[in-house]
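In: sharing a sequence plus its predicted fold:
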Amino acid sequence: MDIIISNSSGEPIYQQISDQIKALIMNGTLKAGDALPSMRVLAQQLRISVITTKRAYEDLERDGFIESYTGKGSFVKGQNTELLKEENLRQTETLLAQACDKAKLCGIGLDELKEILEIVYGGNGND
């Protein structure tokens with residue numbers, strides 16, 4: 001499992017870890033039942049505090065992506081398709097909000113933005 005930490009990112013390290021593990025689960029790289037590295041091992045690999053990895057794992061467990069068992073470790077939880085869809089929807093809304101903010105800064109109106117979205121969305125030939 002490759003986790004890349006950026007010190008120049010504005011996101012906290014635990015959030016970077018959590019987001020990257022979520023992405024690996026959502027894209028199928030990590031499957032239900034797959035074991036995650038222990039908090040200590042991941043902390044050593046990334047050269048960060050165990051407290052940071054603990055926070056990331058706690059967030060993943062709270063959000064329903066992993067299950068942790070004392071003495072056994074943490075494992076990818078069987079995913080509810082609605083949970084995955086909701087997470088993808090949330091991420092899409094975040095990205096669209098960023099695109100809207102950028103469009104407003106550039107003076108792009110809603111109609112032009114809709115036109116751009118229609119071109120980008122339909123750009124692969126699937127309408």
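Out: Yep, that arrived.
In: going forward, measure contacts and count neighbours with C-alpha atoms only.
Out: OK.
In: K54 and L36: what is the separation?
Out: Noted for K54: a distance of 12 Å to L36, by CA to CA, to the nearest Å.
In: and K104, by the same measure?
Out: To L36, K104 is 42 Å away according to CA to CA.
In: the two: which has the busier surroundings?
Out: L36 (19 against 13; other CA atoms under 10 Å).
In: show the contacting residues for the more buried one.
Out: G73, S74, F75, V76 (CA atoms under 8 Å, 6 or more residues apart in numbering).
In: check F75 too.
Out: Applying CA under 8 Å, 6+ apart to F75 gives the contacts A32, G33, D34, A35, L36, I66, E67, S68.
In: shouldn't the first one be in contact with K77?
Out: In this case it means A32. Yes. Assessed by CA atoms under 8 Å, A32 is found in contact with K77 at 5.1 Å.
In: of these two, which one has the most company?
Out: More neighbours surround K77 than the other of A32 and K77, with 20 against 14 (other CA under 10 Å).
In: quick one: pLDDT of that one?
Out: On the pLDDT scale, K77 is placed at 92.
In: not counting sequence-adjacent ones, nearest residue to it?
Out: Leaving aside its sequence neighbours, K77 sits nearest to I66 (CA to CA, 6 or more residues apart in numbering; 4.6 Å).
In: can I assume S74 sits in a strand?
Out: Yes. Counting by DSSP: H, G, I helix; E, B strand; the rest coil, S74 is found in a strand.
In: for L60, give its distance to L117.
Out: 32 Å.
In: and the residue nearest the centre of the protein?
Out: Residue closest to the mean C-alpha point of the chain, counted by CA atoms, centre = their mean, is D19 at 3.2 Å.
In: what distance separates the host helix or strand of it from the middle of the whole chain?
Out: For D19, the element it lies in under DSSP states H and E is helix 13-26. Distance of helix 13-26 from its chain centroid, counting by CA atoms, centre = their mean, to the nearest Å, is 5 Å.
In: before we move on, what about stretch 114-122?
Out: Per CA atoms, centre = their mean, the centroid offset for stretch 114-122 relative to its chain is 24 Å.
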